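Enquirer: what follows is a predicted structure for the sequence shown.
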Amino acid sequence: MNIFYKKTLMKIMNNGKTLSVAESCTGGRICNEMAKIPGISKIFLLGIVAYSNNSKISTLKINSKKLNKYGAVSKEIAKEMAINILKISKSDFSISTTGIAGPTGFSNKKPIGLVYFAIASKKKIHIYKKNFKGSRLSIQKKSTDYAFNILDEFIK
């Protein structure tokens, strides 16, 4: 269990707040890390891995026109994923990830390692863009680490 992840989640728990997660490229790694912590059910309301575009539309209620216009790997979709999981779960905070872990699915404009993150509350939303290097698993791990780092900053 990662001590930093636990410390970040304990801040949420100690403040009586809740969290939900919408993941794509991280494939459930964020939710998996959260589930390792005893008592996490007090704050962890919902985690969805919406990997396909169809699941993003049907489960997370992502606007299909926006998805077609910007693509799944975009700040617009990361933002909508975070906002919609927040609404669906009625949590205090949400985090979303969407990106290209590779080794396929990339283009010149969207290289392997490109990941968008969004963190939302009822009052604000922050969007982040990162370009990670490494293997598929390395990109997923780095994305999970980054997600907890920005969550920690967001909840301060």
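Expert: In hand now; what should we look at?
Enquirer: which helices and strands sit right next to the helix or strand that contains Ser55?
Expert: In this assignment (DSSP states H and E), Ser55 forms part of helix 53-58. Using 3 or more C-beta pairs under 8 Å, 6 or more residues apart in numbering; DSSP states H and E as the contact test, the elements touching helix 53-58 are helix 64-70. Bear in mind the C-beta positions are built from the backbone N, C-alpha and C, glycine included.
Enquirer: after the helix it packs on comes which helix or strand?
Expert: As assigned by DSSP H and E, the chain's next helix or strand after helix 64-70 is helix 75-89.
Enquirer: list the buried residues for that next one?
Expert: Applying a neighbour-count criterion of 16 or more other C-beta atoms under 10 Å, one finds 76-86, 88-89 buried in helix 75-89.
Enquirer: try stretch 134-147
Expert: The neighbour-count criterion (16+ other C-beta under 10 Å) identifies Arg136, Ile139, Gln140, Lys142, Ser143, Thr144, Asp145, Tyr146, Ala147 as the buried residues of stretch 134-147.
Enquirer: run the chain-centre distance for that stretch.
Expert: 12 Å (C-alpha atoms, centre = their mean, to the nearest Å).
Enquirer: report the mean per-residue pLDDT for that stretch.
Expert: Average pLDDT, stretch 134-147: 96.
Enquirer: and if you look at stretch 16-31?
Expert: If you average the pLDDT values across stretch 16-31, you get 97.
Enquirer: distance across it, terminal residue to terminal residue?
Expert: Looking at stretch 16-31, the gap from its leading to its trailing residue is 19 Å under the measure C-alpha to C-alpha, to the nearest Å.
Enquirer: strands of this protein, residue ranges please.
Expert: In the chain, the segments counted as strands under DSSP state E are 19-23, 44-49, 93-99, 114-121, 125-131.
Enquirer: if we can go back for a sec, which one of the buried residues of stretch 134-147 is nearest to Ala72?
Expert: Proximity to Ala72 was ranked across the buried residues of stretch 134-147 by C-beta to C-beta; first place goes to Ser143, at 14.7 Å.
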